[in-house]
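Take this sequence and fold it.
(one chain, ligands or ions: 3)
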Amino acid sequence: MSRRPPAAPDPQADLGPSQGPIVLIGPMAAGKSHLAKYMARRYGYGYADSDSLIVQRHGQIPQLFEARGEDEFRRIEAETIAELLEDESLDDSILSLGGGAPMTASVKALLQHQMVAYLEIDERSVRRRLRRAGNRPMLKGDPVQRWRDLMAQRRDTYEALADIRLDASGNRPISRIAEDLHEEIQALRRQDAG
Ligand SMILES: Nc1ncnc2c1ncn2[C@@H]1O[C@H](COP(=O)(O)OP(=O)(O)O)[C@@H](O)[C@H]1O
Ligand SMILES: O=C(O)C1=C[C@@H](OP(=O)(O)O)[C@@H](O)[C@H](O)C1
Ligand SMILES: [Mg+2]
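Ligands and ions are numbered 1, 2, ... in the order given. So this is what the prediction gives:
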């Protein structure tokens, strides 16, 4: 197992033993940010999103790409994620990352020690969402073609890191995806604790 060893079980904790945040990865527009927020509302997990923190500190992502370039965005992104993963107040939280984050070597290495959930979605299901992709500089030009190309580059990494796989295709309601994630987290924690 690549995850860090389990902490001692805490009988008081509804969500099982603490192990750092559960990290959501997957392609752009799969619904990672939406799912992380929903998990907080529906099940009481803590919540964080690396892109939101980047925006708070550095401004909107398209402007950041424009002014400082993708390499600098990736550096800031990796630094932000490392900081979030060290934050003990985010144990039992759901942490949503940007779609490209796991492609940075230092992020990938950190994720090998976390519980990682991969939110999968097919092109057909994501297409409509990509029309409103104006705030995603990586999709500039032909958004659907760009999404397809990036997915081809990233799929193996997503799959290799995943402890949990979640299906968001076919417009599955967020409540169903969230229920799957909650159950999978609990099952993995029982397994780690036992
Ligand atoms: N299960 C879902 N059903 C319908 N719309 C969704 C669902 N998940 C996400 N969305 C919508 O899709 C868009 C992209 O979601 P977002 O959470 O920003 O994706 P990501 O963080 O993976 O890029 C948002 O407008 C969001 O409200
Ligand atoms: O896939 C990518 O390279 C990116 C995904 C975005 O996040 P979402 O996956 O939440 O859209 C955001 O980090 C940035 O626009 C770059
Ligand atoms: Mg997001």
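
Pull the number of nearby residues for residue 34.
For residue 34, the count of nearby residues is 16 (other C-beta atoms under 10 Å). From N, CA and C alone the C-beta is placed, and that goes for glycine too.

hang on, it packs against residue 177?
No - taking contacts as C-beta atoms under 8 Å, residue 34 lies outside contact range of residue 177: 9.3 Å.

Residue numbers of the protein in contact with ligand 3?
Residues of the chain found near ligand 3, taking C-beta under 5 Å from the ion as the criterion, are 32, 33.

quick one: the strands in this protein?
Counting by DSSP state E, the chain has these strands, from start to end: 22-25, 46-49, 93-96, 115-120, 164-167.

Parallel or antiparallel, list what pairs with the third one.
I take that to be strand 93-96. Strand 93-96 has its sheet partners listed here by DSSP bridges as strand 22-25 (parallel), strand 46-49 (parallel).

How about it and ligand 2, any contact?
No - no part of strand 93-96 sits close enough to ligand 2 to count as contact by C-beta under 6 Å from any ligand atom; the gap is at least 6.7 Å.

for that strand, the distance to its chain's centre please.
Using C-alpha atoms, centre = their mean, to the nearest Å, the mean C-alpha position of strand 93-96 is found 7 Å from that of the whole chain.

then it to PDB, C-alphas only?
The C-alpha atoms that make up strand 93-96 are tabulated as PDB, following Å, rounded to 0.1, in the frame of the first residue of the first chain:
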ATOM      1  CA  SER A  93     -11.100  17.200   4.700                       C
ATOM      2  CA  ILE A  94     -11.700  16.800   1.100                       C
ATOM      3  CA  LEU A  95      -9.100  18.600  -0.900                       C
ATOM      4  CA  SER A  96      -9.800  19.300  -4.600                       C
END
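
So for it, mean pLDDT?
Averaged over strand 93-96, pLDDT sits at 98.

again with the longest one
Strand 115-120 shows an average pLDDT of 98 in the prediction.

I'd like to know which elements that strand is packed against.
Using 3 or more C-beta pairs under 8 Å, 6 or more residues apart in numbering; DSSP states H and E as the contact definition, the elements that strand 115-120 packs against are strand 22-25, helix 143-161, strand 164-167, helix 174-193.

So which bits of the last one are buried?
Judged by neighbour count (16 or more other C-beta atoms under 10 Å), helix 174-193 contains these buried residues: 177, 178, 180, 181, 182, 184, 185, 188, 189, 192.

and if you look at stretch 88-103?
By neighbour count on 16+ other C-beta under 10 Å, the buried set for stretch 88-103 is 90-102.

show me the contacts for the spatially most central residue of the chain.
To find the centre residue of the chain, average its C-alpha atoms and take the closest one (C-alpha atoms, centre = their mean): that gives residue 24, at 2.4 Å. With contacts defined as C-beta atoms under 8 Å, 6 or more residues apart in numbering, the neighbours of residue 24 are 32, 35, 36, 94, 95, 96, 97, 117, 119.
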